[in-house]
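Colleague: Model the following, please.
(5 chains)
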Amino acid sequence: MIARKDSLSAAPDGQGPQETFVLNLGPQHPAAHGVLRVLTTMEGEWIQRAEPVIGYIHRMHEKMGENRTWAKFLPNTSRIDYLSAMHYTHAFVGVVERALKIEVPARAEYIRVITSELNRIASHMVWWGALLSDLGGLTPFLYAFDDREKILDLLEGLCGARLTYCYYRFGGLYNDADDDFLNGTRAFVKHMPPRLRMYRDLVSDNIILRKRLEEIGPISAEMCRRYGATGPVIRGAGVAYDVRRCEPYSVYPKFDFKIPTYPQADSMARYLVRMDEMEQSLRIIDQALDQITAGPFMAPKVPRVIKLPPGDYCYAVEAARGRFMVRIVSDGKEMPYRLKLRTPSFSNLSLFEEASRGMILPDALAMMGSLDLVIPDIDR
Amino acid sequence: MTSFPFASYIVAAAFAVAAITMIAGALIAVLSKRIIRGVGGLMICCIGLAGLYYFLQSPFLALMEILIYVGAVCVTIVFGVMLSEPDEPKPTDRVADLFGAIPIRSGRFGLWGAAAAFLVCTLIGIGIARLSLGGPWPVAPARVSDGSVAAIGIALLTTYSLAFELISLVLLLAILGALVIARSGRTKPPSTAHDQLGILAAQVTAPAPPSDTHPLVSTTAGHEPETAPR
Amino acid sequence: MTFLNLEPIRILLYVVAICAFVGLNAAYLVLAERKIAGRVQRRPGPNEAGWGGLMQPFADVGKLLAKQILVPAGTDTLLYRMAPLMVMAPPMLCLMAVPYAEHFVARDLNLGLLFVFSFGSINVMALMLGGWASRNKYSIISSARVVSQNVAYEIPMLLVVITLLMITGTMSLQEITVQQAGGFWHWNVFRVWVNPLMPVTFIIFFICMLAETNRAPFDMAEAESELVAGVFTEYGGMGFGVFFMAEYSNIVVGCCLATVLFFGGWQSPIGILSGGAWGLVWFMLKTYALITTVMWVRWTFPRTQFYLLLNLSWKILIPISLFTLLLTGAMLKLPLLWKALF
Amino acid sequence: MNLLYLHDRPGIYLVLAACLLAIGIFGLLRRRTLIGMLISGEIIFAAASLNVMAVNRFFAPDPTAGQIFVLFIMGLAAAEVAIALSIIIAVYRNYRSIAPQELTELKG
Amino acid sequence: METPLKSMGQPTPQSFQPGPQPAPGSERPVECSQIAQFAKLDDLLALGRSYSLWPLTFGLACCAIEMMAAGMARWDLARFGAEVFRPSPRQADVMIVAGTVNKKMAPAVKLLYDQMLEPKWVIALGNCALSGGPFNFAGQYGIVEGVDKLFPVDVYVPGCPPRPEAIIEGILKLEEKITGKRHFPVAKLKE
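Modeller: Okay, the predicted model is just below:
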C-alpha cells in the first residue's frame, strides 16, 4: 500500500480556509542533516508543499575561488562536500591538469582511484547510518562508523587528515602511498564483503525497513532528467548514468565494474544502488591494487606558479552523490575569472518539492534520507 | 480497618476529597474558558465520581468509570477539540481565564443571561436537593445478592440479556453512524488506514496561535535577519 | 508493635516504598538502557561517573532538578504544569496492585487487573494534554499520534486480557499467580491445552505493551527524526525528567503485568525454591528479563511508519486476538457440551 | 447528623447529584460551543448515574440492578459522544465553526 | 587515546572562574548561588552537571561529522555521560557549535541558544566557529567571524575539523570548568 494522497486540500464547496498549517522543519532539525530548512505546508500529516529554503551554510566557495590562486583554493575543495573530499579535489585538480595538459603518472592515477573509491565507501557508510537513524534505528549508525573508521585510518596514514584530505596535487599526489597503505587496503578489501553481507542480513532484509522504503518516494527517470539529478538517485530510477562510464576520466576505463541500477525508482532502489556501489567500489580497488606499478607519483614538469591559458575548461567526476563538475573560465591570470561548481546535492534536492507532494511526513523524510544530501554541498 | 484509631476520620476525609474533587471538576468543566481545560475538568469530575462509586460499594463501577470516561470519552472529546478548533479566546487575566463562561463583557445576553442561568440552575439544584432530603424514603429491604462482579455478570447474561444485546447493537450502530457522518464531508474515497478507520489523526489541524505572540516552533528560526548581527 | 500491623499504616509504608522503588528504578533503568545500547552498539556506555557509571542516574537527576524552571510563552500554563504529574501518578498507583511475592503486595484487590488497566488509561490523557498545552506544532501532531496509537492498541490488549480472564476466572492478580504454581509448564503462556494459541497471545500482549508505552519500534510519541522530541519538545528540566521516568515506570508496570499474567508472577519456574523471599527474586528476574527484551528491541529495529502501525493493530492483531478469544471460549465450553450430550 | 458517617447516608449523595445536575444544566445553558455543551451533557449523565447508584446502594433489594443500569448509561454515553463528535466534525467541516449560533441554515 | 593532546585547552577570552566571585566583565547573569552560598550543595550539583552534559543535536558542517564520530564506538562520548543528544534545545545543556555560522544562520543559532535553559554552556568546535576559519578572508560577505560574536563561548576547540579526541577533550575541559577540577587523566606526550 502506498500512502499517498492524490487530491489534497479539497475544502468542500470551496468555502472556508483550507485545513492546512505550516510546519517549519529546520534549520535545526534532526532529520535535516545539517541546516536545511524545509517549509512544509501540511494538511494533517500530509505534505501539501515542501519548500526547501537553502543558504544557511553558504560559504562563498565560488567567490573564494575567484579571489585565490589555484593552489590556494585546493584545500577548499575538500570542504565543499566533506564526505567525498577526494572526488572534489580530483575534479579541481583534473580541470587544471586538463588546461595545462599535464600528464599524470600512472601510479598517481591508480592511487587516486583507490583513495577515491575508499572515500566513496566511507561516504556511503555515513549515508547508510544517517538514513537508518532517520528511520529511528540508531545502531546501524555505529556499525557503519566502525567500518568507516578503518577507511579513515588508511587515508589518515596517507595524508594526515581524517576528513578534509586535500591529498591530490596538480600533476600527482601530495606523497606516495607506502606499503602500509597498500597492504592495509588489501586487508580492508578482504574485510569488507562479509561486513556488507552482515548489513544485508541485519538491516536490508528487515521487514520494517522494507516497508518504510519500498514504494516510498518514487522519482522517475524523467523527473531526474528535468531536475538534473545524478548519481545514485538517477541510477535508482533505472538509468545507468555514471560519469566513470559516460565521460571516462583517470584510469577508470581500465577496470571492470558494473553500474548498479534498479528500475523501481523508489527509496529502496536508491538504497540498494548505494549498497551495490560499495561492492563495486571494492571490486575496483581490488583490481587497482593488482594493476598498480612502481613509478613516480608526481608529474615531472609542473610550473611553480600556475597560470591557465585563457579559455573555458570543464572536468566532471562521479562523486559519492553524483556528478560533480568544475567549470573554469580563465583569463590567463593567476586566479580564475569565474569558477563554477556544479554540485550534485543541489540538483538532487531540487526535486524534493515535487516528489514529496502528497506524501506523509515521515515518508518524505525517509525519501530525503535516501537522497543523501550534504547541505554545505548544496549551499556551497 | 475499624480497629485503627482514626479510621473513621480518614474515611470521612477520603469521602470529602472525592466529593470536592467531583464538584470542583464539574465547575472547571463548565466554567473554564478554554475548552481543553473543560475536558480536563470533566476528567477530574469523573475521577471524583469514581471515588463516590467506591463509597457506594461498587469498586467495579468506579474502575469502569475511570476506564470509560477518562480513557475513552475524554480522549475522544479532546480529539474532537483538536479536529474542530473551537474558539479559544486569548487569556486576559487569570480570573477570567478560569471562569470565562461567566461573561463579563461579551455574550449575547451578557451578565443578565448568566444571572438568569445561574438562578434557574440554583433553583433546580436546591429544589431537587430539598426533595431528596425531605422525601419519605423506604427502609432498605433485605439484599438478594452481594452486588459483586460475578453477580453483575450473571445478571447481565440472564435477567438483562435483552438490554445487553440491545446496547451492543446501539454501540455498533453508533460506531457505524459516526463513521458515516464523519466521512460524508470528504471529497475523495479514502485509501489509507486512517480513513478506513475514521481515525482522523491524519487530519489534525493545529490551530495556529497568533504568530506575533510567541514562536510557534521552538527549534527553528522564524525569520531571516534584515541586517546580520556582527 | 501492633500499631504497624494496621492496614492504613501498612499501605502508607507500601506507598513510600513504591515511590522510592519507582524513582530509583526509573533512574537506573535509564542507565541500564544506555548500557544496553552500548552493549548492542559495541561500546562501553557511561562508565566514568562513579564505579562503572553507577552514579550516572544521580548526576542526571541532579542536573535536571537544578535546571532553570521555564514555562514557555504561549503555553497553557496550568495544563503544562499538570501533565507531568498526571503522567507519573498512574504507574505508581498500578504498582500498588502488583503482587511482588506471596505476602508482598500493597493491596490485593480482587479487581486488580481492571485497576491496572483503568489507571493505565490516564497516561494517554496526560501525554495528550502535555502535548496540547505546549502549543508546539510538533507536540500537537505527536499527541494526536499518541492517542490514535493508544486507542488502536488498547483494543487487542484488552481482548487478550479477556482471553486470559476466561481461563483464570478471576481478576485478582494474586490469584492468577497462585493458579500458575508448580513449574513453568503451568504458566499461562505454556497452557496450550487450554488454548493452543497461548504463546501467540503473549506476543500480541507484548507488542501492544510496546505500543502502549510508546517504545520503539512504535515510538511515535517521540519520533526524534520527524517530530524533534514529540510531546516533550517544549519540556525541559525536571518536567522532561518526569516524562522520561514515567515512560520507564510504564514499562515496569507493563512488564510486571506480563510476568503476572503469562509467566507465573512470583512462582518458581522449576517448582523448588519458591517460598518467601525467593518469590521476590523470581518475580524481579522475570520482570527485568522482559524489560531487557524491551530495550533490546528498541536498539535493534528501526521505527515503523504510522499507518503501518495502525494497520498492524486493526488488520492483524485485532482479528487474531478475537480469534483466540473465540477459540478459548470454545475450548473451555466444549467439554461441558460434550458432557451434556453424552 | 454525625459528619463522620456522612458517607453512609443517602442524602448526601442525592444532594451531590443535584449539585452536579445544576452545574451541568448551567453549563448547557452557558456554553457557546457544541463541544462545551457535550461536556455539560456528560456531567448531567454523571449526575443521573450517581443518583441511580445512591438509590441502588441504600434502597434497592438487588444491588446488581443499579450497577448494570449505570453500566448501560456509560455505554450509551460513549456511543453518544462518538456520534456527537462526528456530527460536530461534520458541522465544523461545513461551517468552519462549532458555535451553535452560526448553524442557522434552517432558520427562515 | 591515540594522539597526544596538549594544545587543546585554548585560553578562553572571557575566562569564567568557578568559585564565589563572578569574573569581572563576565556577561553571564548573576546567579542566585553566587550571592547566597550553599557550598557543598553547589559542588554536588556541579559534579552532577559535569557528568551529565547533554548536547544539542545540531551539526552545521564538516565538524558535525567528527562530532558524530566522537559519539561512535571507537571514542564513545557516552563514557562521560554526554551521549544523550537531545534534539530540542529545552532539554540540552551544552550547545556544540560544530561548523561555520553564516549570517543567515546566525539568528537561528542565537535563538537556539536563547531557548536553552540555564545553566547552559557552549563549545565552539572547529576553526569556523572560533574565528571563521578558512572562510575568513578580506572581503568575505557571508560568515560570522567566530560564534562568540553571538553569545558567550565556554570552550574553544580548534581544528579543521578537530579530531574526536579533541572534542572529548573539549567536553573534559568543560567539566573542569564546571567543577573546578579535572576528573579524567591528561594524556601524556610520548617522547
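
Colleague: Residue ranges in the stretch 101-250 of chain C under the pLDDT threshold?
Modeller: C:106, C:224-225 (pLDDT under 70).

Colleague: I'd guessed residue A:310 sits against residue A:328; true?
Modeller: No. When contacts are counted by C-beta atoms under 8 Å, residue A:310 is not listed as touching residue A:328 (10.8 Å). C-beta coordinates here come from the backbone N, C-alpha and C atoms, glycine included.

Colleague: Pick out whichever of those two has more residues nearby.
Modeller: Neighbours were tallied for residue A:310 and for residue A:328 using other C-beta atoms under 10 Å in any protein chain shown; the higher tally belongs to residue A:328 (22 against 12).

Colleague: wait, what's in contact with the residue lying closest to residue A:239 once chain neighbours are set aside?
Modeller: Of all residues not flanking residue A:239 in the chain, residue A:221 sits nearest, at 4.9 Å (C-beta to C-beta, 6 or more residues apart in numbering or on different chains). For residue A:221, the contact set (C-beta atoms under 8 Å, 6 or more residues apart in numbering or on different chains) comprises A:234, A:237-239, A:265.

Colleague: who wins for neighbours among these?
Modeller: Going by other C-beta under 10 Å, residue A:234 tops these with 29 neighbours.

Colleague: Need the nearest residue in space to that residue, chain neighbours excluded.
Modeller: That would be residue A:224: by C-beta to C-beta, 6+ apart, it lies 4.3 Å from residue A:234.

Colleague: In a helix, the one you found, correct?
Modeller: Yes. Membership of residue A:224 in a helix is supported by DSSP: H, G, I helix; E, B strand; the rest coil.

Colleague: show me where chain B has strands.
Modeller: Assigned by DSSP state E, chain B shows no strands.

Colleague: Give the burial count for residue A:178, as a bare number.
Modeller: Neighbourhood size, residue A:178 [other C-beta under 10 Å]: 11.

Colleague: ugh, typo on my part, it should be residue C:174
Modeller: For residue C:174, using other C-beta under 10 Å, the count is 21.

Colleague: what sits against it?
Modeller: Neighbours of residue C:174 in contact, by C-beta under 8 Å, 6+ apart: C:99, C:105, C:108, C:112.

Colleague: Now do the contacts for the residue nearest to residue A:234.
Modeller: Counted by C-beta under 8 Å, 6+ apart, residue A:224 has contacts A:230, A:233-234, A:237, A:239, A:351.

Colleague: do residue C:43 as well
Modeller: A:142, E:72-73, E:76, E:78.

Colleague: would you say it is within a strand?
Modeller: No. Assigned with three-state DSSP, residue C:43 falls outside any strand and is coil.

Colleague: near chain C, which residues of chain E show up?
Modeller: For chain E, the residues in contact with chain C (C-beta under 8 Å from any C-beta of the partner chain) are E:44-45, E:47-52, E:72-73, E:76, E:78-81, E:83-84, E:86-88, E:90-91, E:93, E:117-119, E:183-184.

Colleague: can you tell me which of those are in helices?
Modeller: E:44-45, E:47-50 (DSSP state H).

Colleague: Could you export the residues you listed as JSON lines, including pLDDT?
Modeller: Converted to JSON lines, those look like this (pLDDT from 0 to 100):
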{"residue": "E:44", "pLDDT": "82"}
{"residue": "E:45", "pLDDT": "84"}
{"residue": "E:47", "pLDDT": "84"}
{"residue": "E:48", "pLDDT": "84"}
{"residue": "E:49", "pLDDT": "86"}
{"residue": "E:50", "pLDDT": "86"}
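
Colleague: Show me which of the residues you listed are buried.
Modeller: Among these, those classed as buried by neighbour count (16 or more other C-beta atoms under 10 Å in any protein chain shown) are E:45, E:47-50.

Colleague: which of those residues lies closest to chain A?
Modeller: Nearest to chain A, judged by C-beta to the nearest C-beta, of these is residue E:49 at 23.0 Å.

Colleague: got the contact list for the closest one?
Modeller: Residue E:49 sits in contact with C:59, C:62-63, C:66, E:93, E:119, E:178, where contact means C-beta under 8 Å, 6+ apart.

Colleague: Which one of the residues you listed is nearest to residue A:51?
Modeller: Nearest to residue A:51 out of the contacts of residue E:49 is residue E:93 (C-beta to C-beta; 33.3 Å).

Colleague: For the closest one, which residues are in contact?
Modeller: C:63, C:67, E:49, E:52-55, E:116, E:119-121.

Colleague: hmm, back to that, will you turn the contacts of residue A:221 into a markdown table that also has pLDDT and secondary structure?
Modeller: As requested, the contacts of residue A:221 are exported to a markdown table (pLDDT from 0 to 100; DSSP: H, G, I helix; E, B strand; the rest coil):
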| residue | pLDDT | secondary structure |
| --- | --- | --- |
| A:234 | 89 | helix |
| A:237 | 88 | coil |
| A:238 | 86 | coil |
| A:239 | 87 | coil |
| A:265 | 85 | coil |
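
Colleague: For residue B:44, state which of these is nearest.
Modeller: Closest to residue B:44, out of all of the contacts of residue A:221 and judged by C-beta to C-beta, is residue A:265, at 54.0 Å.

Colleague: Can I get the contacts of residue C:43 in a markdown table including neighbour count, distance to residue E:128 and pLDDT?
Modeller: Formatted as a markdown table, those follow (neighbours: other C-beta atoms under 10 Å in any protein chain shown; distance: C-beta to C-beta, whole Å; pLDDT from 0 to 100):
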| residue | neighbour count | distance to residue E:128 | pLDDT |
| --- | --- | --- | --- |
| A:142 | 23 | 26 | 89 |
| E:72 | 24 | 22 | 87 |
| E:73 | 18 | 27 | 86 |
| E:76 | 23 | 25 | 86 |
| E:78 | 25 | 26 | 85 |
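
Colleague: how does chain B divide into domains?
Modeller: B:11-87, B:102-134, B:144-187 (automatic domain parsing).

Colleague: ranking those by burial, who's on top?
Modeller: domain B:11-87 (a mean of 23; mean count of other C-beta atoms under 10 Å in any protein chain shown).

Colleague: what about that one and chain C, touching?
Modeller: Yes. On the criterion C-beta under 8 Å from any C-beta, domain B:11-87 is in touch with chain C at B:34, B:36-37, B:40, B:43, B:59-60, B:63-64, B:66-67, B:70-72, B:74-75, B:78-79, B:82.

Colleague: Tell me which of these fall in helices.
Modeller: B:36-37, B:40, B:43, B:59-60, B:63-64, B:75, B:78-79, B:82.

Colleague: Number of residues surrounding residue 101?
Modeller: Reading this off chain A. Count around residue A:101 with other C-beta under 10 Å applied: 7.

Colleague: Chain E, not that one
Modeller: Residue E:101 has 27 nearby residues by other C-beta under 10 Å.

Colleague: next one: residue C:256
Modeller: Neighbours of residue C:256 using other C-beta under 10 Å come to 26.

Colleague: Closest one of the contacts of residue E:49 to residue A:303?
Modeller: When those are compared for distance to residue A:303 (C-beta to C-beta), residue E:93 wins out at 53.8 Å.

Colleague: Quick check: that closest one vs residue E:117, distance?
Modeller: From residue E:93 over to residue E:117 the distance is 8 Å, taken as C-beta to C-beta, to the nearest Å.
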